[in-house]
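Participant: 3D model of this:
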Amino acid sequence: MPAGDRWPLALNKEWRAGLAHWLTIEGKYRAPIAMEPRIQYAKTSDGVNIAYCVEGQGTDLLFVSPPPFCHVKLDWESFFSHIFPPLAASNRLLWFDWPGTGLSDRDSFDFSMPAMTRVMETIVARAAFDNFAIASVLGGV
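Facilitator: The predicted structure follows:
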């Protein structure tokens, strides 16, 4: 093989080494970020534990799911798997489970506006978001 033809093999080797970052189990392409975000918990002022995740780097972005339809782990892996990885590729994405859903405390079902505001204030403070954008789908608050 001529010397000029060797560089594609090195490039191909680098590409293959990073393949795990680019492919999901289904074989779809995704952004080169962590395969599974770390689930964390924050406690609201009224003692409710809220599950949340932060992934990516860039502009802070709070994603608000509709209250009955959220699960921080499953949202990343299935329901919002086509939305979250691209958002996290260019933003610092924060999403969470509402009380009574997903991995948050199951015995709290207060969906009043003050309670929901308290939840968002808690996770935003815990994630150290100062200035941030908010995104939502399906009628999230």
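
Participant: need the contact list for residue 80.
Facilitator: 63, 65, 95 (CB atoms under 8 Å, 6 or more residues apart in numbering). All C-beta atoms are positioned from the backbone trio N, CA, C, and that covers glycine.

Participant: the first one reaches residue 91, doesn't it?
Facilitator: Spelled out, it's residue 63. No - in this structure, residue 63 is not within contact of residue 91 by CB atoms under 8 Å, at 9.3 Å.

Participant: between those two, who's got more neighbours?
Facilitator: The neighbour count for residue 63 versus residue 91, taken as other CB atoms under 10 Å, is higher for residue 63 (23 against 20).

Participant: that one: which element?
Facilitator: strand 59-64 (DSSP states H and E).

Participant: show me what the following helix or strand past that strand is packed up against.
Facilitator: Later in the chain than strand 59-64, the nearest helix or strand by DSSP H and E is helix 72-74. Contacts defined by 3 or more CB pairs under 8 Å, 6 or more residues apart in numbering; DSSP states H and E place helix 72-74 against strand 49-55.
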